[in-house]
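K.L.:
fold the following and give me the result.
(chains A and B)
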Amino acid sequence: DAKTTQPPSMDCAEGRAANLPCNHSTISGNEYVYWYRQIHSQGPQYIIHGLKNNETNEMASLIITEDRKSSTLILPHATLRDTAVYYCIVRLRSNDYKLSFGAGTTVTVRA
Amino acid sequence: ETGVTQTPRHLVMGMTNKKSLKCEQHLGHNAMYWYKQSAKKPLELMFVYNFKEQTENNSVPSRFSPECPNSSHLFLHLHTLQPEDSALYLCASSQDGGGTYNEQFFGPGTRLTVL
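P.N.:
As a prediction, this is how the structure comes out:
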C-alpha cells in the first residue's frame, strides 16, 4: 500500500473549518484514500473514503487532487469533540483488512 | 457506541498469569480483528478472522493466542506476557475481510498493564 505523509499536529478554532492535509504521492490508480480518527483512549472511528472524486458525508468532506497525489479532509465546523488523532490511510479496496495506521495528525480544537 | 464491546476495559496482570480479553460485536459482521497500540506507536494489526477462520497472523508471539468461536465473538488469550506487552488492545469488526470494502468498527479497547 502507498505511504502517506501528514503533519504531526495542528490547532483549530472552535466553529471554524479544519483542513487536514495528506500526501500520498506514490498512490496507484486502484488505491483508495481513507480517513479514520481516534479520540483519546477510544478506538479509531471511520470518517470517510474516496477514490478520485470528492466525497461528503455527515462528518466531513474529502477533497482529492486531480493527480491523486494528495488529499484534504475538511471538518466544516470543528467542535471541541473533534479533538483527536486523524489518520490518512491509502489501500487497495480488495485488501480490505489491511489498515496500516501511521502516526497521524493530532488535531486540537480550541475554544 | 460502535456496536463492538470489549471486556475488561482495564487489566493488570503479572508475567506468570493467564488472562483472556473478550470482544463481542452486535453488528452482524463476518470479520473480526485484534490490534495492538503501544504508547507513542501506531496501531499494529495482530490477527484477522473472516467467517471464523484465521486469515492473518502478523508475526505475533505465541504468548498471544486468539480464538474465534463464532462470527460475533473474539478472544485473545494471554500467558507469560512481558512488560513490553503493556498496551491498548483494540478489537474491530467489518462486514467481511476482503473483496468488497466495508469500514472497520472498533471497540473501546482493553488497557493492559503487565507487571
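K.L.:
C-alpha only now, for contacts and for neighbours.
P.N.:
OK.
K.L.:
look up the closest residue to residue A:38, ignoring the ones flanking it.
P.N.:
What sits nearest to residue A:38 in space, not counting adjacent residues and going by CA to CA, 6 or more residues apart in numbering or on different chains, is residue A:44, at 4.2 Å.
K.L.:
contact partners for residue B:89?
P.N.:
B:34-37, B:109-112 (CA atoms under 8 Å, 6 or more residues apart in numbering or on different chains).
K.L.:
how about a cut-off of 10 Å?
P.N.:
By CA atoms under 10 Å, 6 or more residues apart in numbering or on different chains, the contact set of residue B:89 is A:43, B:6, B:9, B:21, B:34-38, B:43-44, B:46, B:76, B:107-112.
K.L.:
residue contacts, the residue positioned nearest the centre of chain B?
P.N.:
Chain B has residue B:34 as the residue nearest its centroid, 2.8 Å off, counting by CA atoms, centre = their mean. Residue B:34 is in contact with B:23, B:44-49, B:57, B:66, B:74-76, B:89-93, B:106, B:109, counting by CA under 10 Å, 6+ apart.
K.L.:
could you redo the last one with a cut-off of 8 Å?
P.N.:
Residue B:34 makes contact with B:45-48, B:89-92 under the criterion CA under 8 Å, 6+ apart.
K.L.:
pLDDT weak spots in chain B?
P.N.:
Where chain B drops to pLDDT under 70, the residues are B:97-102.
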